[in-house]
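> Sequence and predicted structure, then a few things I'm wondering about:
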Amino acid sequence: MSTRQQALNPFVMVMFGATGDLAKRKLYAALYSLYRNKLLHEKFAVIGVGRSSKEPDAFHTYIRECVDQFGRLKVEDEHDWRKFIEHFAYARVDVSKPEDYQILRQAVESQEKKWGIAGNRLFYMAIAPELFGMVSTNLKNGGLTQTSGWKRLVIEKPFGKDYLSAKALNEEIEQTFSEEEIYRIDHYLGKEMVQNIEVIRFANSLFEPLWNNNFIKNIQITASETVGVEERAAYYEHAGALRDMVQNHMLQMLMMVCMEPPSALNMEAIRDEKVKVLRSLRRYQVEEVDNYFVRGQYAEGTINGQPVPGYRQEHNVAPESATETFVAGKLFIDNFRWAGVPIFIRTGKRMAKKMTEIVIEFKEMPKYLYFNREGNLNPNLLVIRINPDEGLSLILNAKRPGTEDDVSPIELEFCNNCGKESPEAYERLFYDAIEGDSTFFTRWDEVALAWKFVDPIRQAWDKAAADTLFSYQAGSWGPLEVERLLAPHGAHWWQVQTGREQLNAAADKQVKVLT
Ligand SMILES: NC(=O)C1=CN([C@@H]2O[C@H](COP(=O)(O)OP(=O)(O)OC[C@H]3O[C@@H](n4cnc5c(N)ncnc54)[C@H](OP(=O)(O)O)[C@@H]3O)[C@@H](O)[C@H]2O)C=CC1
Ligand SMILES: O=C1O[C@H](COP(=O)(O)O)[C@@H](O)[C@H](O)[C@H]1O
C-alpha cells in the first residue's frame, strides 16, 4: 500500500463482458476516473469483448453513455474525452468458440503495436461465472497468455457455488495462471473505509490494547440494502444472500476487524493474517445451524414511501421460491484474542436503510458511579461506517452541561466523505491489479475456507422445512426471529444516529443512541 501515483505499468486490458451490466454501471466509470486523475499509464488499451456486433463508433458512444449515467467524474472536456476513448476497441468474440480467440489475439497484438505496449496483458472476466474456467483455458490454447510482459487474470465473483466447485474452478484456471497472477475480486475490499479498518486499528495506540475479549462485548456487522433482487433473479435464485454476501463480503469485513497485526504491510503478510481468522472461525455442523443462523425472505412492503412487491412476486422468481434474501448469524472466533466474543452479522435486501457498518460494543464498567436518565449507562461504541456514509463514530459518556451527574452519550464523529467523494471500489481495484498489488484481492485459501464455513449452512437450509425461512416486510430490519441470536448475550442491534444525521433532520441536537 502506498500513495497512488501514475501507474508504472503500460497494459492491454481484455474486458470480457464489455456489453454487460457490471461494465455498464461500474467498469467504464472506474477507468475514466482513473484516467481523469492521471493514474493510468499513457500507454494503455482496453479491448471490450462480447458476442453482439458493435462498430467502433457505436462502442465509443456506448461507453460515453455509461460514464454519463454512472460515472463519479463526468466528462467536462470533449477534447480530453476523445483522447481517452481512442484507447478503447471492441472485439466480437464468442468465448465458447476456440477459433474466435484468434480474432482476439489479433486485436490484442494490434493494440500493443498501436500504443507501443510490450506485452502486459490483463484479462478481466466480467462474464457469467460458468464461463470463467473455459475462457481461461481458451486463452492459453489460443496463445493469448504467451506474452513478453506479465499476464494477469481478474475474476469476478462468485468464485464457485460451494467448496468443491470453487476447487475445481481454481484447478482449471491454475492450468493457465499462477496464484500470483490471479486477482479474485471482492469489491468490498476496494471500499475506502474497509481499507481504513487496518489503519484505524494499527495506527492508533488507543484501540489495539482494547481490541480483544477482555474489553469487547460483541461485534456487529451489518450490510443492509433497500434494493430488491432487481433484474438478477436468474443468478440470485441460486445464490441467495448466503452465497451472494456472506461467503465473501461479510467474511472479508470480519477478517479485517479480527485479524492480528501483520508483520509488515505487504500483500502476503496481510493475507496470511486474514486467513488465520478463518482458520479459527468456528464451523457449525448441519444440525446446529439453526442455533446460530436465521434466514428470511422479504414480503411486500414500503421503501421510501413507495409500495414494493415481495420477493416471490419479482420478475423471474419462482412463486414458491425458498431463496433467502436475508441472513443473520452469530459467529465465534476460537482463538486467544476473540474467545467468547459473539460476532453478529446481518445482511439483506429490501431492508429499512442502505447501510454497511461495523459496531464494536465495549464491555460495561466494572461498577457504575454515574447513570443516565434511565438509570443505566450506555456502553462505549466504536462505529465504522462503510457505505454510503463513510466515517467513524466513537460513543462515550459525559455529563450534560450544567448538571452534576446527569450522564448522556456523546459522539466523536469523523466523516470521511463529507465535501469530497471517495474513489469507487473498482477504481482502487483496477489500479492495484495493473500495478500488481493483490493485497485487496482474495487468495485461494481465503476463498476455500470461506466456502467450508458456508457449505454446512447451505446444506442445512437446502433440506430444512419451509418454516425456518422467516418472512419480513420490505422496509423493515428483517425477521424478528433474529433477536434470539442476540438476547442470550444481553445484546441488541445498535443503530447509532450520527450527530450529522440529526442536524440534517433538524432534530434534537443532543446525540442519541438508538436501539
Ligand atoms: N452486475 C453486477 O452488479 C455485478 C456483477 N458481478 C459479476 O460480474 C459478472 C458479470 O455480471 P453482469 O455484467 O451482471 O452480467 P451480464 O449478464 O449483464 O453480462 C454478461 C456479459 O457476458 C457476455 N457474454 C455472455 N456470453 C458470452 C459469450 N459466449 N461470449 C462472449 N461474451 C459473452 C455478454 O455479452 P453479449 O451479450 O454481447 O454476448 C455480456 O457482455 C458476473 O460474474 C457477476 O456475478 C459481480 C458483482 C456485481
Ligand atoms: O456483490 C454484491 O454486492 C451488492 C452490494 O454492494 P454495495 O457496494 O452496494 O454494498 C449487492 O447488491 C449484490 O447483490 C451483490 O452481488
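Perfect, I can see it now. Here the structure is a predicted model, which is why all the values come from computation and not from measurement. Residues are numbered from 1 along each chain as shown. Ligands and ions are numbered 1, 2, ... in the order given.
> Ligand 2 contacts on the stretch 351-500 of the chain?
Counting by C-beta under 6 Å from any ligand atom, the positions of the stretch 351-500 of the chain adjacent to ligand 2 are 356, 387. Any C-beta I mention is one placed from the backbone N, CA and C, and that applies to glycine too.
> where exactly do the helices run in the stretch 351-500 of the chain?
For the stretch 351-500 of the chain, applying DSSP state H, counting those that start in this stretch gives helices covering 425-435, 444-462, 483-486, 499-504.
> and these as TSV, adding mean neighbour count and mean pLDDT?
Written out in TSV, the entries for the helices of the stretch 351-500 of the chain read as follows (neighbours: other C-beta atoms under 10 Å; pLDDT from 0 to 100):
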stretch	mean neighbour count	mean pLDDT
helix 425-435	22	96
helix 444-462	19	97
helix 483-486	16	97
helix 499-504	13	62
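> And the residue of the stretch 351-500 of the chain that's closest to ligand 1?
Y426 (9.8 Å; C-beta to the nearest ligand atom).
> one step back: want to throw the helices of the stretch 351-500 of the chain into a markdown table with distance to Y311?
Formatted as a markdown table, the helices of the stretch 351-500 of the chain follow (distance: least, C-beta to C-beta, whole Å):
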| stretch | distance to Y311 |
| --- | --- |
| helix 425-435 | 26 |
| helix 444-462 | 15 |
| helix 483-486 | 22 |
| helix 499-504 | 29 |
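> between those, which one is nearest to P342?
In terms of C-beta to C-beta, the element of the helices of the stretch 351-500 of the chain nearest to P342 is helix 483-486, at 7.8 Å.
> where does the closest residue in space to Q111 that isn't next to it in sequence land in three-state SS?
Nearest residue to Q111, sequence neighbours excluded (C-beta to C-beta, 6 or more residues apart in numbering): A45, at 3.8 Å. Recorded secondary structure, A45: strand (DSSP: H, G, I helix; E, B strand; the rest coil).
> again, but for the one 4 residues further on
Of the three states, V49 takes strand according to three-state DSSP.
> What number of residues are in the vicinity of it?
V49 sits with 26 neighbouring residues when counted by other C-beta atoms under 10 Å.
> Likewise for E268?
E268 has 14 neighbouring residues, counting by other C-beta under 10 Å.
> did I read that right, it in a helix?
Yes. Counting by three-state DSSP, E268 is found in a helix.
> how close does it get to P262?
In this view, E268 and P262 are 9 Å apart by C-beta to C-beta, to the nearest Å.
> again with T468
The gap separating T468 from P262 is 40 Å, by C-beta to C-beta.
> Would you mind naming the helix or strand containing the residue nearest to F202 when sequence neighbours are not counted?
The shortest distance from F202 to any non-neighbouring residue, by C-beta to C-beta, 6+ apart, is to P261 (5.4 Å). Counting by DSSP states H and E, there is no helix or strand that carries P261.
> ok, P261 - contacts?
For P261, the contact set (C-beta atoms under 8 Å, 6 or more residues apart in numbering) comprises 201-202, 208, 273.
> And those, which two are furthest apart?
So, these by C-beta to C-beta: farthest apart are E208 and E273, at 13.8 Å.
> So these two - more neighbours on which side?
For E208 versus E273, neighbours defined as other C-beta under 10 Å are more numerous around E273 (18 against 12).
> Quickly find the element holding that one.
Element membership of E273 [criterion: DSSP H and E] is helix 267-280.
> residue in the stretch 401-515 of the chain nearest to ligand 2?
Closest point on the stretch 401-515 of the chain to ligand 2, by C-beta to the nearest ligand atom, is A425, at 6.8 Å.
> buried set for stretch 173-189?
Within stretch 173-189, the residues scored as buried using 16 or more other C-beta atoms under 10 Å are 173, 176-177, 181-189.
> Can you find the helix or strand of this structure with the lowest average pLDDT?
Between all helices and strands in the chain, the lowest mean by mean pLDDT, DSSP states H and E belongs to strand 513-514, at a mean of 42.
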